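A.B. asks: Build me a model:
(one chain, ligands or ions: 1)
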Amino acid sequence: MSPENAPLLNVSKLEKRFGGFYALDGLSFHVSSGEILGLVGPNGSGKTTAINVISGLYAPDGGEIVLEGGSIGGVASHKLVHRGINRTFQIPKPFLSLTVRQNVEVALAYGGATDVPAMADLLEEYRLAELADRPAADLNSSQQKMLDLVRALATRPRLLLLDELAAGLNPAELDWVTERIKALAKSGMAIIVVEHLMGFIEHITDRVIVMNAGKEIFEGKLAVAVKVPQVIEVFLGGEHAA
Ligand SMILES: Nc1ncnc2c1ncn2[C@@H]1O[C@H](COP(=O)(O)OP(=O)(O)OP(=O)(O)O)[C@@H](O)[C@H]1O
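C.D. replies: Sure, this is the predicted structure:
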């Protein structure tokens, strides 16, 4: 593979243990610039743990994470922000007493971002401009998710990890966010989406990794995955498998 179309991120035989339990048990996959990759799987299959390890929240116990040829396994998340990785959280936890604008400023200071895009434009684009000087406590849950996304985007990530961003959004918000995420990928960002909403995943992803018990059990298009007996079995239980 030539360097210009080499994957941005390569994850190889990744392991994460909690006590004696393997939440990640040899997970391997890659994602390229401009691609939207879905991580799907039943509850507890290790999707969020994968995001937490790749984003530097947890150190891996084995395997390799390589970003553009450089090993990043175990590098702290604020340093990874410098290297171009940022993420959103399943349950955003903004500083409730700070304003929306101040929350973004804190995120920028944490990552030490230098090439900062115009915050006003981001707040406008993600429908937070009119709320910029209000405390984050005033935001509803959808707006808190958008603030979490703006905090990540403000650091200009090349790899964006989205952990259940779509959960809880209404259909109109979902359509609108889908278009925003597709536009980010079109601009060259690599995006990993963890989500339970299969309609959203089908619409937005180029490819999915189906996980079970910390391992990949399928890689390819979601439309193909849903016909694979092993995939059907982990989602629905053995008696439903073809
Ligand atoms: N900090 C932790 N300490 C102990 N066990 C953990 C920790 N984080 C995750 N786990 C366990 O690791 C397994 C994988 O959890 P994870 O949250 O990654 O799954 P998931 O696929 O994201 O699930 P869901 O779809 O429900 O969010 C689960 O059994 C979970 O209980």
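
A.B. asks: Ends of stretch 221-234, what's the gap?
C.D. replies: In stretch 221-234, first residue to last residue: 17 Å (C-alpha to C-alpha, to the nearest Å).

A.B. asks: got a list of contacts for it?
C.D. replies: Outside stretch 221-234, the residues within contact range by C-beta atoms under 8 Å, 6 or more residues apart in numbering are 38, 40-42, 45, 198, 201-202, 205, 207-208, 210, 212, 217-218, 240-242. (Glycine included, C-beta is placed from N, CA and C.)

A.B. asks: So which bits of the chain are right by the ligand?
C.D. replies: Taking C-beta under 6 Å from any ligand atom as the criterion, the neighbours of the ligand within the chain are 18, 23, 41, 43, 44, 45, 46, 47, 48, 49.

A.B. asks: For ChimeraX, write the select line for the buried members of the contacts of stretch 221-234.
C.D. replies: Those of the contacts of stretch 221-234 that count as buried under 16 or more other C-beta atoms under 10 Å are selected in ChimeraX with:
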select :38,40,41,45,201,205,207,208,210,212,217,218
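
A.B. asks: Looking at the contacts of stretch 221-234, which are in strands?
C.D. replies: With strands taken from DSSP state E, the overlap with the contacts of stretch 221-234 comprises 38, 40, 207, 208, 210, 212, 217, 218.

A.B. asks: tell me which of these is nearest to residue 106?
C.D. replies: Taking C-beta to C-beta as the measure, residue 38 is the one of these closest to residue 106, at 29.8 Å.

A.B. asks: Next, the contact list for that closest one, please.
C.D. replies: With contact taken as C-beta under 8 Å, 6+ apart, residue 38 is in contact with 192, 193, 194, 195, 201, 204, 205, 207, 208, 209, 222.

A.B. asks: what is the rounded mean pLDDT of stretch 222-229?
C.D. replies: Averaged over stretch 222-229, pLDDT sits at 93.

A.B. asks: Show me where the protein has its strands.
C.D. replies: All strands of the chain, identified by DSSP E, fall at 9-18, 21-31, 36-40, 62-67, 70-71, 85-87, 159-163, 190-194, 207-212, 215-220.

A.B. asks: now those in TSV, with distance to residue 176?
C.D. replies: Output for the strands of the chain, formatted as TSV (distance: least, C-beta to C-beta, whole Å):
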stretch	distance to residue 176
strand 9-18	27
strand 21-31	24
strand 36-40	16
strand 62-67	30
strand 70-71	35
strand 85-87	21
strand 159-163	15
strand 190-194	16
strand 207-212	22
strand 215-220	28
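
A.B. asks: who's the residue nearest the centre of the chain bridged to?
C.D. replies: Nearest residue to the geometric centre of the chain (C-alpha atoms, centre = their mean): residue 161, 2.0 Å. When bridges are assigned using DSSP bridges, the partners listed for residue 161 are residue 87, residue 192.
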